[in-house]
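> Attaching a predicted model along with its sequence, questions to come.
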Amino acid sequence: MRIGILGGGAWGTALAQVMAAGGHDVRLWAREADVVAAINDTRANPLFLPGIDLSPAIRASDDLAAAAETDLILVVTPAQHARAVLRDLPRHGQPLLLCSKGIEAGSHKLLSEVAAEEHPASPIGVLSGPTFAGEVARGLPTAVTLAMADEDAAARMAEALALPTFRPYASDDVIGAEIGGAVKNVLAIACGVVEGAGLGQNARAALIARGFAEMTRFGLARGARAETLAGLSGLGDLVLTCSSTSSRNFSLGLGLGQGRKATELMADRRTVAEGAFTAPVLCAAAAAAGVAMPVSEAVAALLAGAEVGAVIGTLLARPLTREHA
Ligand SMILES: NC(=O)C1=CN([C@@H]2O[C@H](COP(=O)(O)OP(=O)(O)OC[C@H]3O[C@@H](n4cnc5c(N)ncnc54)[C@H](O)[C@@H]3O)[C@@H](O)[C@H]2O)C=CC1
Ligand SMILES: O=C(CO)COP(=O)(O)O
């Protein structure tokens, strides 16, 4: 297949490497001229994915039209930029596979809804799971959820993209696959806070379990299926990013837990910690749906500048409740 990849960050570049290893013709769109030049001239992306020798089958360009002349498009821009990039992408009706993790600010829309609005003729899918880009690019074993409304189409797509070390599991739950990836980024910040504030491993395990309860409540309210949230793209990714400083979201939380301010931590980063953008959107969307999300609200408060000790105190002072209320 000819595969267009939108986004030359760590994940777009790692996915380009996977697709090239599968024998596909890969056209990577990146917005930075230095990223395009580095990939084409030196087979590397030192800005976003250092230390990986890239396949010669990857051709980079800053021209969206070049990525559009393909059989399949992977959308891997930060979530808040997905609509603008999709709006500029020429419409050829090929499938769009969303690989970014987030919820659109303002509209509270999932990226599948954004993509369907911008490209109504394209079948829409989601590829999401526990996938640190560096490990995927190095060919380490990885499994993901690949969801499309037509599960047979998802299974065919999974077959076309699979490698011995890259295993997509087909699903028809597009919303569930998206919500897991978006919410876990916020919860990974919370787990980083626990680490940074030295609250211990019991607290982190409690947060993962109560965070998963939040993810499930919100997901069910938006039409996700519980088993998808308990799968690779939900619980799987939650466990990965809640336990490792390889996660940008966890690392952001670590700094917040140490008492540093979000503005300072976000100021000079070129890489994206999506949870910082998702947290306020998620809280607003949850409030609109009548879903309680205390952990996500605590993260949003910290990101808005609240003091870490006060936020932890508020969370621990909540009235006791039933585990499955
Ligand atoms: N890095 C990872 O391990 C994984 C990342 N993801 C998701 O993939 C998405 C992209 O993340 P990364 O590739 O890690 O990014 P990154 O943090 O490596 O790089 C930042 C990216 O943002 C892009 N960008 C900045 N401003 C932009 C704008 N105005 N319009 C369009 N693009 C803009 C840059 O060009 C660059 O590609 C995110 O939603 C992330 O959650 C998903 C799975 C794994
Ligand atoms: O989504 C990811 C792994 O599945 C990457 O997590 P971070 O964005 O927190 O690094």
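That came in fine, so what should we check first? Ligands and ions are numbered 1, 2, ... in the order given.
> quick check: domain ranges of the protein?
2-172, 175-316 (automatic domain parsing).
> how far does the first one stretch from start to finish?
Separation of the first and last residues of domain 2-172 by CA to CA, to the nearest Å is 24 Å.
> The last one too?
Its start and end residues considered, domain 175-316 measures 31 Å (CA to CA).
> Would it count as contacting ligand 1?
Yes: shown here: domain 175-316 in contact with ligand 1 (CB under 6 Å from any ligand atom) through Thr271, Val272, Glu274. The way it works is simple: take the backbone N, C-alpha and C, and place the C-beta from them, glycine included.
> and Gln274, what is it in contact with?
Actually, residue 274 is Glu. It isn't Gln. Contacts here follow CB atoms under 8 Å, 6 or more residues apart in numbering; on that basis Glu274 touches Pro78, Ala79, Ser100, Lys101, Gly102, Ala182, Asn185, Asn249.
> wait, which of these is closest to His324?
Using CB to CB, the shortest approach to His324 within the contacts of Glu274 belongs to Ala182, at 23.3 Å.
> Quick one: neighbours of Ala203, just the number.
As a burial measure, Ala203 scores 18 neighbours (other CB atoms under 10 Å).
> For Val186, see how far away Glu69 is.
When CB to CB, to the nearest Å is the yardstick, Glu69 and Val186 sit 37 Å from each other.
> who has more neighbours, the two?
Val186 (33 against 12).
> Check whether the strand or helix carrying the more buried one comes near ligand 2.
In this assignment (DSSP states H and E), Val186 forms part of helix 174-196. Yes: contact of helix 174-196 with ligand 2 (CB under 6 Å from any ligand atom) involves Asn185, Ala188.
> follow-up on the earlier one: redo the contacts of Glu274 as a markdown table? Include pLDDT and distance to Ala149.
Compiled in a markdown table, the contacts of Glu274 are given as follows (pLDDT from 0 to 100; distance: CB to CB, whole Å):
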| residue | pLDDT | distance to Ala149 |
| --- | --- | --- |
| Pro78 | 98 | 25 |
| Ala79 | 98 | 20 |
| Ser100 | 98 | 19 |
| Lys101 | 98 | 19 |
| Gly102 | 98 | 20 |
| Ala182 | 98 | 19 |
| Asn185 | 98 | 24 |
| Asn249 | 97 | 29 |
